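> I would like the atomic coordinates for the input below:
(3 chains)
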Amino acid sequence: MPELPEVETIARGLQSAIAGRSIAAVAVSLPKMAVAPPNLAFAQELIGERILEVGRRGKYVVMALASGRALVVSLRMTGRLIVQKTAGPPHPYTHVTLGLSGGRRLCFADVRQFGRMRLVAADEPWADRLGIEPLSQSFTPQAFIGMLSGRPTPIKALLLDQRRIAGVGNIYACEALWEARIRPGTPAKRLSRPAIRRLHGAIVDVLERAIAMRGTSVDDYVDAQGLRGGFQNKLSVYGREGSPCRRCGKPIVRTVLAQRGTWWCKHCQK
DNA sequence: CTGAGATCCTGGGGGC
DNA sequence: TGCCCCCAGGATCTCA
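As a prediction, this is how the structure comes out:
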């Protein structure tokens, strides 16, 4: 499932592969996957547009268009954005295809159909519910302390809340909590200042290391060029139930917290 | 505001 | 071996 490092990797790949190209054709085979503002036709609006640059906000891929509008893509669990040469069959489970200048096409594929490609107007505040970017200057230890203050919510559930921190998902929440030696179920308000500082550093560290490895491919994640990431080999706890903790050697356990699988070490996460 | 629960989907894993 | 059932999982919406 693509989280911040995977989406960042995809966005960088798209930036080098399709930035500057114009959209010559649009094919939508599953209409719910392609959303446009009211009374506007997705395909018709996009034809003739040009993709200026591709970036990321939280777990969303953001394609800035020449008109000032944007194409915002949510990949959810199984969504993919794949750039291909126009010849040959499209990527499996492609529901939206953008035919681009220069003989390329962008396939938006998704087995489970949870993802969305949304055309947003220039003045549409589409990201107004998203929280702080954890790799931005504004994510300071002080800001993090304020975010957790007084909250009874289990710290892991809080890390997954996109309204607070945008981009952290299940994999990196588990990994950061292990790195900071914090029990996932700890109420946020019960964490000490040093623990919060450790966790702040761990979040930034694990996200940066994962980006450097081009993301984690535990299921079937691939980037815009169809390549797998490398961080799955560096995971400390996620998906490692029964395997020895890399720090203390005790077996990693799996529990359920906030309706999500949660992997952690009972011995060294207090 | 906050949290809990439902919802959307389908491949694949587990159970028999 | 083969078949069927059921579940994971992110964001969004409803409801308390």
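
> so what secondary structure elements neighbour the top helix by length along chain A?
As assigned by DSSP state H, the longest helix anywhere in chain A is helix A:193-212. If you count contacts as 3 or more Cβ pairs under 8 Å, 6 or more residues apart in numbering; DSSP states H and E, helix A:193-212 packs onto helix A:4-18, helix A:141-148, helix A:170-179. Every C-beta, even on glycine, is put in place using the N, C-alpha and C of the backbone.

> Any idea how far that helix is from the middle of the chain?
Distance of helix A:193-212 from the chain centroid (Cα atoms, centre = their mean, to the nearest Å) equals 16 Å.

> elements contacting the helix or strand following that helix?
On the C-terminal side of helix A:193-212, the closest following helix or strand by DSSP states H and E is strand A:253-257. Other elements packing on strand A:253-257 under the criterion 3+ Cβ pairs under 8 Å, 6+ apart are strand A:260-264.

> outside of the longest helix of chain A, which residues touch it?
A:4-5, A:8-9, A:134-135, A:139-141, A:144-145, A:148, A:155, A:159, A:165, A:167-168, A:172, A:175-177, A:179-182, A:191, A:216, A:229, A:231, A:234 (Cβ atoms under 8 Å, 6 or more residues apart in numbering).

> Generate a PyMOL selection restricted to the buried subset of the residues you listed.
The buried residues among those can be selected in PyMOL (16 or more other Cβ atoms under 10 Å) with this line:
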select buried, chain A and resi 4+5+8+9+134+135+139+144+148+155+159+165+167+168+172+175+176+177+179+180+181+182+191+216+229+231
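
> If we ignore the residues flanking it in sequence, what's nearest the closest residue to DNA strand C within the stretch 1-150 of chain A?
Residue nearest to DNA strand C within the stretch 1-150 of chain A: residue A:59 (3.6 Å; Cβ to the nearest atom of the strand). Leaving out its chain neighbours, the residue that sits closest to residue A:59 by Cβ to Cβ, 6 or more residues apart in numbering is residue A:7, at 5.2 Å.
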